[in-house]
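**Q** Make a model of this:
(2 chains, ligands or ions: 1)
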Amino acid sequence: MNKIRVQFTKVGRVSYMSHLDLNRFMQRALRRSNLPIKYTEGFNPHAYLTFALPLSLGFESKVETMDFKLTEDISPEIVKDRLNAVLPDGLKVVSAAPPVHSNTDIIASEYTVRIKSKSLNSSELESKFDVFYSQDELIAEKFNKKKKQIFVDIKPVFEIMTKYEINDEFVLKIKAPSGNEKNYNPNLLVDMFIKHAEISDETVKIERNRIICSDNSDFL
Amino acid sequence: MLREKIESILLKAQKPARYIGGEPGAIVKDIYSTDVSFAFCFPDSYDIGMSHLGMKILYSLINSRENYRCERVFAPWPDFEKLMLENDIPLYSLENLQPVKDFDFIGFTLQYELSYTNILNMLKLAQIPILAKDRGDELKNIVCAGGPCACNPEPLADFFDFFILGDGEEVELEFMDLYAEHKKQGSTKTEFLKAVSQIEGIYVPSLYDISYNEDGTIADIAPIDNAPMPVKKRIVNSLDNAFYPDNFVVPFTEIVHDRVSVEVLRGCIRGCRFCQAGFLYRPFREKSVEKIVSQTRTLCENTGYDEVSLVSLSTSDHSQIEPMLSGLLDYTESKQINLSLPSLRVDNFSKELLDKITTVRKSTLTFAPEAGTQRLRDVINKNVTEEELMRTCRTAFEGGYSSVKLYFMIGLPHETDEDIVGIAELAQRVVDLYYTVENRKKGQQVKISISTATFVPKPFTPFQFEPQATREEIMHKQELLLSSIKSKKISCSKHKPDTSILEALLARGDRRVGKAIYEAYKLGCKFDSWSEFFDYEKWERAFELAGIDVAFYANRRREYLEKMPWDHLDYYVDKVFLAKENLNALNAVTTPNCRQKCSGCGVAKCIGGKCFE
Ligand code: SF4
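**A** Modelled structure (predicted):
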């Protein structure tokens, strides 16, 4: 059986498709592509699909991955072309290849966060952020795997890689733990900042830039 | 830019994918290189509207013309509506995210009466004046509507420029062509409406004057300026030649009917006296098996759906049902596609057919005896006998089914307490039958669920003359039914009759009822078909403000000779025929189905004198 991993983008209108919807949506796209996909048995056959890391609703990304199995030998180039022929704008396969890493190799993700406000310019946003981030602890509410509410200090969790202003946007690059062991959504930090700075007219855009493995290589 | 504004609020709404478009199958054309634009508005949520077949057909049809453009619009859910208003975002279409107020046509589909307030609300969100007379005489923003409820559009007459009666596939492009000409010539709206009224199937309400008698009934309906009288509905002669889409928009989020639907026939041979669709969609027309199979195949391939459903009023009345199912199953089984078959009738459900279907999927069997006793079934001309029901249930139980859903109506004309008790007794006999079936599925409990709907008299049916049962009567009947059920294996739910009462008012209302709709909208009524939003108290207030007596419309028996608000609209079914059928109901005399014998309803004259060879 040929396992194949496609890396794809999720930008623009499709970024408002939830992860659950994406799975069902891809099932149909795979059928449209007419690729020889391995299906489950039974009344409701569907492709075995795995996504490395769910992407939050509204986030954009150019590094999403989806794995499935083929029943015939087909060149990855063809897989890529056939899928792109049936996918809508914004969902685009950038590469297809046999998987290099296992999902358990994933330890972190990098994100670009763009914050805009109608009433505050970018440098005001940045200075507000500095005030916020200068606190010793940033205690956030979070749900653990057992759906229990817990409190964690997220200051050591996120790494602020860079921050800058561009036009009227305040931009943050953040590294966050990802994967099976520990998984942190950058929204945790962003929401806390917005609340702390008492901003109410914000627009936030978040893009995932990298999925990183334990050896610091890109997940492929 | 509108898009940026929309994106800034999307994540604050539930299921935002409903508001941004971009789905595969969506047709996005350049705004500036098309001549006529049509905003197809469905007055309910995306999840409901996207499931609607008529919209898919007309959407593809209009877009099949290179210089015409059709875009989809749905009613925003109240959470998103609030965000739109706060951020000054007008109602927009999903393809180009273009304000609806920029479109040449703003077309609504009238599928059920309880969506009327949503129409008014959508016009408001679109920032378009709600009353047609306030919209000016410039040729733009033509507000029109089609669909089953257009057969009595009078309560909506003040809000619309014109209505489309009957099948839309041909007339749609005809009036768009006419518009394109008038646009080029620089006509006014009045000039265009006068011209469009001459197209068969188009009804321009402002070209008809209505006068009333002292008792409130209609005295006269008078055409102005040579407007046609009566206004005839349009009929597509052959379904094989009618336009059918080869692709659907495949949504990002889940919708109600998320699958391929293929229409297999239009019309119905049955003539059940309560069923409006059965009369509105006459004559009976079939699609050929080859077309059905090829359209199914094309749509499955283009959409990637793994489920197909066949759409019609009564699929098992297709004369080629067996070859059709075999042909479909050959394809669907080879591709592991599910074939789902709703609304199969009891009385021609053969063992072979059942076997074929059960190899695909096993689920609850649903039947609609509609009435509890044979006498009442004869009154409504539902030609299902108890023997047939029992035979089918037996076959189903032998085939491994153990749950059956039975549909009934209560409040039917000439219904007595005996008929209500009869519903419970019938269900009990199905339960008893289960335990006499030797090879029933072992270890399984039989489950019968009774679903009841309150009967609503509708225009163009033999019951259009009938009063609706009053609230008190309906409540009594519901109580009686519940107390007559003796077994725990039978379930039955109760419902409030309010929505049915409103439906009865709107379905048979005249132009004066429009005022009540307008008041209800102003009081904040919307999504009336959703129990979480329906607020009958607001409607009662609206009736008061508009001076509308609900009983006059809902609970009054109408004389055969009374002028109905829709008498100037011609669906080819003669009023005399409806009156005769009404008398047959009174005497519990049944009428044979159209295939057995033509009863001379009047429809045949529009297709060359004969419905069946
Ligand atoms: S004309 Fe006769 S066959 Fe045709 S729909 Fe009417 S009753 Fe049926």
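**Q** show me where pLDDT drops low in chain A?
**A** Scanning chain A for pLDDT under 70 picks out A:1, A:43.
**Q** Chain B contacts on that one?
**A** A:12-14, A:16-18, A:21, A:24-25, A:27-32, A:34, A:39, A:43-46, A:57-58, A:86-90, A:203 (CB under 8 Å from any CB of the partner chain). From N, CA and C alone the C-beta is placed, and that goes for glycine too.
**Q** hmm, which of the residues you listed are the buried ones?
**A** A:12-14, A:16-18, A:21, A:24-25, A:27-32, A:39, A:45-46, A:57-58, A:86-88, A:90, A:203 (16 or more other CB atoms under 10 Å in any protein chain shown).
**Q** just checking, which of these belong to strands?
**A** Judged by DSSP state E, these include A:Thr203 as members of strands.
**Q** Taking the stretch 51-200 of chain B, what residue is nearest to the ligand?
**A** B:Gly166 (14.2 Å; CB to the nearest ligand atom).
**Q** Tell me the bridge partners for B:Cys144.
**A** Per DSSP bridges, the residues bridged to B:Cys144 are B:Gly107, B:Phe162.
**Q** Most distant residue from the centre of chain B?
**A** No residue in chain B sits farther from the centre than B:Glu438, which is 41.5 Å out by CA atoms, centre = their mean.
**Q** in a strand, that's where that residue is, yeah?
**A** No. Applying DSSP: H, G, I helix; E, B strand; the rest coil, one finds B:Glu438 to be coil, outside a strand.
**Q** Can you tell me how far it is from B:Arg394?
**A** With distances taken as CB to CB, to the nearest Å, B:Glu438 is found 10 Å from B:Arg394.
**Q** Packing partners of the helix or strand hosting B:Ala516?
**A** Element membership of B:Ala516 [criterion: DSSP states H and E] is helix B:513-522. Applying 3 or more CB pairs under 8 Å, 6 or more residues apart in numbering or on different chains; DSSP states H and E, we find helix B:513-522 packed against helix B:116-125, helix B:498-507, helix B:536-546.
**Q** Nearest residue to the middle of chain A?
**A** Among the residues of chain A, the one closest to the centroid is A:Leu55, at 3.6 Å (CA atoms, centre = their mean).
**Q** Now do the same for that one: helix, strand or coil?
**A** Quick answer, by three-state DSSP: A:Leu55 is coil.
**Q** Could you report the neighbour count for B:Glu537?
**A** By the criterion of other CB atoms under 10 Å in any protein chain shown, B:Glu537 has 9 neighbours.
**Q** ditto for B:Leu341
**A** Residues near B:Leu341, counting by other CB under 10 Å: 18.
**Q** That one is in contact with B:Ser314, isn't it?
**A** No. Using CB atoms under 8 Å as the test, B:Leu341 is too far from B:Ser314 to be in contact (11.3 Å).
**Q** Following element in sequence after the biggest helix by length in chain A, please.
**A** Using DSSP state H to define each element, chain A has its longest helix at helix A:19-33. Using DSSP H and E, the helix or strand that follows helix A:19-33 in sequence is strand A:50-51.
**Q** Determine the set of other helices and strands touching that following strand.
**A** helix A:19-33, strand A:60-70.
**Q** Name every sheet partner of it and say whether each one runs parallel or antiparallel.
**A** Under the rule (DSSP bridges), strand A:50-51 has strand A:60-70 (antiparallel) as partners.
**Q** Pull out the buried positions in the strand it pairs with.
**A** Neighbour counts over strand A:60-70 (16+ other CB under 10 Å) mark A:Glu60, A:Ser61, A:Val63, A:Glu64, A:Thr65, A:Met66, A:Asp67, A:Phe68, A:Leu70 as buried.
**Q** surely the second one meets A:Val14?
**A** No. Taking CB under 8 Å as the definition, A:Ser61 is not a contact partner of A:Val14, at 10.4 Å.
**Q** sorry, back to before: need the phi and psi values for the nearest residue to the residue of the stretch 51-200 of chain B closest to the ligand once chain neighbours are set aside.
**A** Nearest non-adjacent residue to B:Gly166, counting by CB to CB, 6 or more residues apart in numbering or on different chains: B:Lys233, 3.1 Å away. When read as degrees, to the nearest 10, the backbone of B:Lys233 gives phi -80, psi 160.
**Q** burial measure for B:Lys233, as a count.
**A** 25.
**Q** Let me know whether it touches B:Ile202 as I believe.
**A** No. B:Lys233 is not in contact with B:Ile202 according to CB under 8 Å; the separation is 10.1 Å.
**Q** Could you tell me which residues touch both of these two?
**A** B:Leu165 (CB atoms under 8 Å, 6 or more residues apart in numbering or on different chains).
**Q** quick one: contacts for the residue nearest to the centre of chain A?
**A** A:Lys10, A:His19, A:Ser61, A:Glu64, A:Arg208.
**Q** Outline the domain layout of chain A.
**A** Structurally, chain A divides into domains by automatic domain parsing as follows: A:2-99, A:104-213.
**Q** Work out the gap between the first one and the centre of the chain.
**A** Distance, stretch centre to chain centre, for domain A:2-99: 15 Å (CA atoms, centre = their mean, to the nearest Å).
**Q** swap in the last one?
**A** Relative to the mean C-alpha coordinate of its chain, domain A:104-213 is positioned 14 Å out (CA atoms, centre = their mean).
**Q** Could I get the pLDDT score of the nearest residue to B:Gln127 once chain neighbours are set aside?
**A** Spatially, and ignoring its direct neighbours in sequence, B:Gln127 is nearest to B:Pro90 (4.9 Å; CB to CB, 6+ apart). Looking at B:Pro90, its pLDDT is 98.
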